[in-house]
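Asks: 3D model of this:
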Amino acid sequence: MEAIGSREKLDALTSFQFKFYEGTRIVSFKSPVKLRVDYYEDGKIDQTGIYNGAQGWTIFGSGNVEDTPPSPNTFFHNYLPGLLAYAKAPDYKIEYKGKDEETSDYLIAISPKLNNADGDMYTFYIDPATSMIKKVIEDTNIYNYIYYFDNYTDFNGVKMALTHVREDKYGARQSNAITDVKVNLPLDDNLFEKPAGK
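Replies: Predicted coordinates for the structure are as follows:
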């Protein structure tokens, strides 16, 4: 936490917004655990995922709204800086698992406390020299990915990894850059509530 920017500076980061996947996703976060991701296609919103800290919804371009599980789930580790998501979210269990035998990275296992019948687990590899997150292994009943994090940049004293590389179980890689980062901007709470729809 100190390496990312200290708990005090993390707590002072009340909101942020950025673009992802070549600008086709706009991510909005408001403390403590509100998250919205707008998915764009051909310059228009095609889908939106919302989590308000207790409930979640997905709204499609057709206007249909579907309830989604009341957990940030895989939503969070893709988008939030470092451990901010899990430090803020009360429904996750964090465990220290020792050091990786090959790299000597510290291993942190994170899993949802609730709704985890399938044993979802995220293993964070922490660089012992810098205490920054190098990679995350996501092991769920739906996804099995490795995420690599790089290009840490300071925003109001909090370091965010602006380069994310995702690798699937076959070794195929996809690199994504975070751009247009804005922090501590005023975000209306209505952005994170259930949208009107069909």
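
Asks: make it CA atoms for all contacts and neighbour counts henceforth
Replies: Will do.

Asks: and the longest strand for this structure?
Replies: Secondary structure assigned by DSSP state E gives strand 144-155 as the longest strand of the chain.

Asks: And that strand, what's buried?
Replies: 145-150, 152, 155 (16 or more other C-alpha atoms under 10 Å).

Asks: From the rest of the structure, what touches stretch 177-194?
Replies: Stretch 177-194 is touched from outside by 13-23, 30, 34-36, 50-52, 56-57, 155-156, 162-164, with contacts defined as C-alpha atoms under 8 Å, 6 or more residues apart in numbering.

Asks: about what we covered before: each with direction, which strands does the helix or strand just after the longest strand of the chain pair with?
Replies: Under the assignment DSSP states H and E, the closest C-terminal helix or strand after strand 144-155 is strand 158-167. Strands flanking strand 158-167 in the sheet, each with its direction: strand 144-155 (antiparallel), strand 173-177 (antiparallel) (DSSP bridges).

Asks: export strand 158-167 as PDB, just CAs?
Replies: Taking C-alpha atoms only, strand 158-167 is exported to PDB below (Å, rounded to 0.1, in the frame of the first residue of the first chain):
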ATOM      1  CA  VAL A 158      -1.100   7.200  -6.400                       C
ATOM      2  CA  LYS A 159       0.700   5.000  -8.800                       C
ATOM      3  CA  MET A 160      -1.400   3.300 -11.500                       C
ATOM      4  CA  ALA A 161      -0.200   0.800 -14.100                       C
ATOM      5  CA  LEU A 162      -1.000   2.300 -17.500                       C
ATOM      6  CA  THR A 163       0.000  -0.800 -19.500                       C
ATOM      7  CA  HIS A 164      -1.900  -4.100 -19.100                       C
ATOM      8  CA  VAL A 165      -1.100  -7.200 -21.000                       C
ATOM      9  CA  ARG A 166      -3.600 -10.100 -20.900                       C
ATOM     10  CA  GLU A 167      -2.500 -13.600 -21.700                       C
END
